[in-house]
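Asks: Predicted coordinates and the sequence they were generated for:
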Amino acid sequence: MEQDLIYDVGFHHGEDTEFYLTKGFKVVAIEAHPGLYAAGLKKFAKDMESGRLTLLNLGVAETSGPISFFESDNDVWGSIRRDAAKRNERLGAGWREITVEGRRFGEILRQYGVPYYLKVDIEGADLLCLKALAEFGDRPKYLSIEAEVDILSGIRHEITTLRGLGYAKFKIVRQGHVPQQSCPFPAREGKFVEYKFPYGSSGMFGEEAPGEWLSSDCAVEGYRKIVRVQRLFGDKGWIRRLPLGNKITNFIQPDVSWYDTHASLS
């Protein structure tokens with residue numbers, strides 16, 4: 001494990017990469033969307049020239065080689081999964097199927113090293129990264145994935161997978177509240193920075209992530225109520241599937257968000 005290295009899998013506009021670089025870490029960032037990758041090359045040119053940032057135009061996939069990528073009108077929702085594209089269409093976002101270069105995550109880890117912290121947010125394909133970690137005796141000390149909050153069995157599967165990799169403690173972080181986060185002083189991870197987190201960013205990580213560390217059982221129980229609300233009003237909720245589902249949801253304005261599960265080895 002490289003103590004000064006972070007992986008940003010799901011680079012998007014570089015919201016998280018910028019934070020990690022500012023904290024003093026080196027970053028390997030992965031982005032499948034060609035347009036977002038091109039914008040990242042311009043925005044972070046100096047960091048790439050200095051060697052502090054490696055930005056890869058790849059889609060994490062089960063096999064290496066050309067793969068289909070479903071580019072969405074909402075650039076947050078691009079995915080290698082066709083069912084994700086269909087969900088996006090139901091929510092009013094068009095999509096296009098394009099071809100990008102896919103690579104197994106294990107190959108990326110072998111080339112660039114195992115990071116201190118692994119952030120994964122790739123719209124339904126996060127578990128491909130966890131699956132690859134099983135190939136290594138060394139693991140990131142901390143990691144985070146976007147939680148599958150549509151069904152409790154999905155949460156149980158994610159937590160069980162993480163436990164099987166040796167992760168013992170967990171945090172549930174509501175991503176809609178990330179802009180309210182404030183970095184602690186003194187810093188618990190990297191350098192102290194005064195940072196304004198944009199909406200859609202992943203926020204703080206490791207010992208700076210908000211909330212108390214939970215056991216696996218407590219984490220699953222903590223997600224139970226979240227899943228109930230999501231199954232009604234979330235992106236895949238049954239009310240959303242009604243003819244006027246989006247209008248009903250917008251009128252009620254339920255307390256829904258997306259969540260990240262943070263995990264620690266010890």
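Replies: Thanks, I have it.
Asks: So which residues of the protein form strands?
Replies: Here the chain has its strands, by DSSP state E, at 2-9, 26-30, 53-56, 59-60, 65-72, 95-103, 115-120, 142-146, 169-174, 259-264.
Asks: Now mean neighbour count, distance to Ala134 and mean pLDDT too, for these, in TSV please.
Replies: From N, CA and C alone the C-beta is placed, and that goes for glycine too. Converted to TSV, the strands of the chain look like this (neighbours: other Cβ atoms under 10 Å; distance: least, Cβ to Cβ, whole Å; pLDDT from 0 to 100):
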stretch	mean neighbour count	distance to Ala134	mean pLDDT
strand 2-9	21	16	97
strand 26-30	24	19	98
strand 53-56	20	22	98
strand 59-60	24	15	93
strand 65-72	18	21	83
strand 95-103	16	17	85
strand 115-120	25	13	98
strand 142-146	24	13	96
strand 169-174	21	18	96
strand 259-264	24	14	96
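Asks: closest to Tyr223 out of those?
Replies: Among the strands of the chain, the nearest to Tyr223 by Cβ to Cβ is strand 169-174 (6.5 Å).
Asks: Would you mind pulling up the elements that that closest one packs against?
Replies: With contacts taken as 3 or more Cβ pairs under 8 Å, 6 or more residues apart in numbering; DSSP states H and E, strand 169-174 sits against helix 216-233, strand 259-264.
Asks: then the longest one to PDB, C-alphas only?
Replies: By that I understand helix 216-233. The C-alpha trace of helix 216-233 is given here as PDB (Å, rounded to 0.1, in the frame of the first residue of the first chain):
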ATOM      1  CA  SER A 216     -21.200  -4.500   9.900                       C
ATOM      2  CA  ASP A 217     -24.400  -5.400  11.600                       C
ATOM      3  CA  CYS A 218     -25.000  -1.800  12.800                       C
ATOM      4  CA  ALA A 219     -24.300  -0.500   9.300                       C
ATOM      5  CA  VAL A 220     -26.900  -2.800   7.700                       C
ATOM      6  CA  GLU A 221     -29.400  -1.800  10.400                       C
ATOM      7  CA  GLY A 222     -28.600   1.900   9.800                       C
ATOM      8  CA  TYR A 223     -29.400   1.400   6.100                       C
ATOM      9  CA  ARG A 224     -32.800  -0.200   6.800                       C
ATOM     10  CA  LYS A 225     -34.800   3.000   7.100                       C
ATOM     11  CA  ILE A 226     -32.900   4.600   4.200                       C
ATOM     12  CA  VAL A 227     -33.900   1.600   1.900                       C
ATOM     13  CA  ARG A 228     -37.600   1.900   2.900                       C
ATOM     14  CA  VAL A 229     -37.700   5.500   1.700                       C
ATOM     15  CA  GLN A 230     -35.700   4.800  -1.400                       C
ATOM     16  CA  ARG A 231     -38.000   1.900  -2.400                       C
ATOM     17  CA  LEU A 232     -40.800   4.400  -2.400                       C
ATOM     18  CA  PHE A 233     -39.300   7.600  -3.800                       C
END
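Asks: where are the low-confidence patches of the stretch 51-200 of the chain?
Replies: Along the stretch 51-200 of the chain, segments meeting pLDDT under 70 span 73-78, 80-95.
Asks: can you pull out the helices in it?
Replies: Counting by DSSP state H, counting those that start in this stretch, the stretch 51-200 of the chain has these helices, from start to end: 82-90, 105-112, 126-133, 152-164.
Asks: hang on, the earlier thing: could the strands of the chain go into a markdown table alongside distance to Phe205?
Replies: Shown next, in a markdown table, are the strands of the chain (distance: least, Cβ to Cβ, whole Å):
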| stretch | distance to Phe205 |
| --- | --- |
| strand 2-9 | 8 |
| strand 26-30 | 12 |
| strand 53-56 | 17 |
| strand 59-60 | 19 |
| strand 65-72 | 26 |
| strand 95-103 | 24 |
| strand 115-120 | 5 |
| strand 142-146 | 6 |
| strand 169-174 | 9 |
| strand 259-264 | 7 |
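Asks: contacting residues around stretch 205-214?
Replies: The contact list for stretch 205-214 (Cβ atoms under 8 Å, 6 or more residues apart in numbering) reads 6, 117, 119, 141-142, 144, 169-173, 181, 183-184, 187-189, 203-204, 222, 262, 264.
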